[in-house]
Structure formats: C-alpha cells, structure tokens
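Undergrad: Attaching a predicted model along with its sequence, questions to come.
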Amino acid sequence: MESFGVRLHRAVAERGPLCVGIDPHPGLLARWGLSDDVAGLDRFARTVVEALGDRIAVVKPQSACFERFGARGVGILESTIRQLRDSGSLVLLDVKRGDIGSTVSAYASAYLDPSSPLYVDAITASPYLGVGSLAPMFELAAAHGGGVFVLALTSNPEGTSVQRAVTADGRTVAQTVIDEISQLNRGAEPLGSFGLVVGATIGDTGHDLSAVNGPLLAPGLGAQGGTAADLRNVFGSSLPSVLPSYSREVLHAGPDIAGLRAAADRVLGDCRAALATS
Ligand SMILES: O=c1ccn([C@@H]2O[C@H](COP(=O)(O)O)[C@@H](O)[C@H]2O)c(=O)[nH]1
C-alpha cells in the first residue's frame with residue numbers, strides 16, 4: 001500500500017490544503033437544532049460527511065465528542081469513519097493517545113490495523129511518555145500506509161509550560177519531539193508519514209521545523225483566534241508542509257449543506273492565499 005505521506009500529498013494536490021474537524025459539541029448540536037443525544041450526533045456527523053466528504057482533503061473527527069455518548073457514540077464514530085472513507089477524504093482521528101509501549105500497541109491495533117472497526121488513515125498521538133513509547137504506532141502505520149501526528153507545540157496557552165521547558169541538552173521538549181519525528185521521515189518522498197501538531201496560535205517560537213519532512217497539522221484557526229495570515233509567522237519556510245485545520249469556524253455554518261461548503265471554500269481560499277506566498 002502507498003504510504004500515508006504519498007496519499008496525503010496527492011489528496012492536498014487534488015483537493016487543496018485543508019483539514020476540517022467534526023466536533024459535535026453540545027452547543028453546536030443545539031445551534032443546528034439537534035438533540036444532544038446519539039440521534040443528534042448521528043445527524044450532525046452525516047451532514048458534515050455529505051457536505052464535505054467528497055471535497056476536503058482530510059476530515060478530522062474529534063473522538064471525545066463521540067465518546068461522551070458511550071458505546072453508541074463510538075458506534076456512530078465507526079459509521080462516520082466508514083462514510084468518510086467511502087466519500088474519498090482521508091480520515092484523521094483526533095484521539096491524542098499515548099501510554100507505555102505495550103498499551104500503545106493496543107491503541108495502534110485499534111486505529112491503524114485495517115481489520116479494526118475504528119481503522120483510520122491517521123491519528124493524533126501524545127508524546128509525553130516519550131516519543132519512543134509510540135514506536136508500535138509508527139511501526140503499524142508504516143506497515144499499512146497509515147500516519148501519526150504527534151503533539152509538538154499545541155494551540156492552547158497551557159501547553160507552553162511543558163512543551164517549551166528546556167531539557168538537559170538545551171533543547172526544548174518540543175524541539176526533541178520535532179527532532180525525533182524528523183528522523184522517522186528521513187529520506188521519504190515526497191513527504192513522510194509522521195506529522196507534528198503545531199498550533200496556528202503560537203506565533204514565532206524559534207523552533208526549527210526545517211528537517212521534519214512530514215505534514216504539520218495546524219489547529220487553532222478560526223474559533224481559537226488564529227488566522228491564515230498567522231501561518232507564515234508560525235511556520236516560516238516550512239509553510240509548504242502545513243495542513244491548516246478548522247472545526248467550529250466551518251461547523252458554525254451548518255446544518256445547511258451549501259453553507260458548510262461555502263464556509264469550507266472560504267477558509268480554503270484564505271489558506272491557499274497564505275500558503276502560496278511561501
Ligand atoms: O493543539 C491542538 C491540538 C488539537 N486541537 C483540536 O483541534 C480542534 C480545534 O477545534 P476548533 O473548533 O477549530 O477550535 C479540536 O478538536 C481540538 O481538540 C487543537 O485545537 N489544538
């Protein structure tokens with residue numbers, strides 16, 4: 001099977017550099033006139049798939065928003081993943097898993113093994129038990145054409161105290177994560193399968209992303225205050241690898257299908273303009 005990096009590169013070339021999240025928060029369900037239960041969740045997710053699945057490169061369901069409904073919510077997540085795959089978009093499950101290696105193996109089986117009901121193209125992962133503890137995810141992803149996006153510099157202000165703490169060798173925690181992921185992507189063409197999460201809200205932090213050779217997922221746009229114009233400041237010469245990600249900014253335009261499509265087109269236009277200046 002082709003690598004995730006190859007598949008993502010093609011999807012972005014064909015559909016444009018955009019990831020849209022499916023985050024069915026209670027407030028959004030209410031805004032769409034839907035009940036805060038599994039029926040509302042199902043309708044919400046189906047509407048996003050219908051509106052965007054056939055036109056957006058990457059769709060990112062937020063697992064927490066499905067998990068809060070228990071087993072039936074996870075059932076809707078399974079069905080949403082299937083619908084997205086059928087519609088042609090890549091599925092990035094935002095699940096931020098991380099643990100000791102033996103447990104990471106189980107998470108890898110859950111999301112990156114093609115025989116799993118929750119199998120997706122890529123997941124987000126937390127490196128705070130050590131990037132090395134995520135090795136079972138990297139191995140299974142590599143074996144089956146999957147991807148892993150590891151948190152490096154997150155969009156929330158609370159991340160700074162941990163991620164920018166300085167380690168014994170003088171690098172920040174985030175830079176050690178960046179460097180380890182860069183190693184995994186060495187030599188991959190046109191793009192490695194192992195990405196980083198770097199928030200669009202963080203400004204110029206002086207971190208060196210030049211050797212990553214993998215996708216840089218940029219959440220924090222729209223509802224969290226980041227703008228497409230901020231991407232240049234955050235990513236500098238690494239702009240061509242950026243995958244901008246919006247959830248509420250686009251979802252606020254629902255449940256009207258045309259409204260969702262227009263919102264996605266608008267932010268994609270903003271991102272194309274911002275990334276083209278690189
Ligand atoms: O650093 C991070 C990592 C992940 N997220 C997730 O992205 C979306 C953002 O939603 P918006 O509505 O566009 O604010 C959400 O699922 C977060 O959990 C992030 O925001 N920052």
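TA: Received the coordinates, thanks. Numbers count the residues shown, from 1 in each chain.

Undergrad: which residues are contacting the helix or strand where residue 105 lies?
TA: Using DSSP states H and E, residue 105 sits within helix 101-112. Here helix 101-112 makes contact (C-beta atoms under 8 Å, 6 or more residues apart in numbering) with 93, 95, 97-99, 116, 118-120, 123, 132-137, 139-141, 144, 146, 148. The way it works is simple: take the backbone N, C-alpha and C, and place the C-beta from them, glycine included.

Undergrad: List buried residues within those.
TA: Taking 16 or more other C-beta atoms under 10 Å as the criterion, what is buried in these is 93, 95, 97-98, 118-120, 123, 133-134, 136-137, 140-141, 144, 146, 148.

Undergrad: Flag every residue of the stretch 51-200 of the chain that's near the ligand.
TA: Proximity of the stretch 51-200 of the chain to the ligand (C-beta under 6 Å from any ligand atom) is limited to residues 62, 94, 154-155, 197, 199.

Undergrad: what do you get if the cut-off is 8 Å, keeping everything else the same?
TA: 60, 62, 64-65, 94, 96, 124, 151, 153-156, 159, 197-199 (C-beta under 8 Å from any ligand atom).

Undergrad: Find the pair from those residues with maximum spatial separation.
TA: Maximum pairwise distance among these (C-beta to C-beta): 23.3 Å, between 65 and 153.

Undergrad: For residue 195, which three-state class applies?
TA: With DSSP: H, G, I helix; E, B strand; the rest coil as the basis, residue 195 sits in strand.

Undergrad: beta partners for it?
TA: Note on residue 195: beta-bridge partners by DSSP bridges are residue 149.

Undergrad: For the helix ranked longest in the chain, give me every contacting residue.
TA: For the chain, the helix that runs over the most residues, judged by DSSP state H, is helix 257-276. Outside helix 257-276, the residues that touch it by C-beta under 8 Å, 6+ apart are 16-18, 20, 47-48, 50-52, 55-56, 221-222, 227-229, 231-232, 239-240, 242, 244, 246, 249-254.

Undergrad: Try it again at 6 Å.
TA: Residues outside helix 257-276 that contact it (C-beta atoms under 6 Å, 6 or more residues apart in numbering): 16-18, 20, 51-52, 228-229, 231, 239, 244, 246, 250, 253-254.

Undergrad: Equivalent analysis for stretch 237-247, please.
TA: Residues outside stretch 237-247 that contact it (C-beta under 6 Å, 6+ apart) are 17, 19-21, 23, 209, 215-219, 221-222, 231, 235, 267, 271, 275, 278.

Undergrad: tell me the contacts of the residue of the stretch 51-200 of the chain found nearest the ligand?
TA: Here the stretch 51-200 of the chain gets closest to the ligand at one residue, residue 154, 3.2 Å apart by C-beta to the nearest ligand atom. By C-beta under 6 Å, 6+ apart, residue 154 lies in contact with residue 199.

Undergrad: Can you verify my assumption that residue 137 contacts residue 148?
TA: Yes - judged on C-beta atoms under 6 Å, residue 137 makes contact with residue 148 at a distance of 5.1 Å.

Undergrad: Find the residues that touch each one of the two.
TA: residue 125.

Undergrad: Output the below-cut-off pLDDT ranges for this protein.
TA: Filtered on pLDDT under 70, the chain yields the residue ranges 277-278.

Undergrad: those helices in it, which residues are they?
TA: Ranges of helices in the chain, per DSSP H, are 4-15, 26-31, 38-52, 63-67, 70-87, 101-112, 135-144, 160-163, 173-184, 231-235, 248-251, 257-276.

Undergrad: hang on, the earlier thing: closest one of the contacts of helix 257-276 to the ligand?
TA: Nearest member of these to the ligand, counting by C-beta to the nearest ligand atom, is residue 246, at 5.1 Å.
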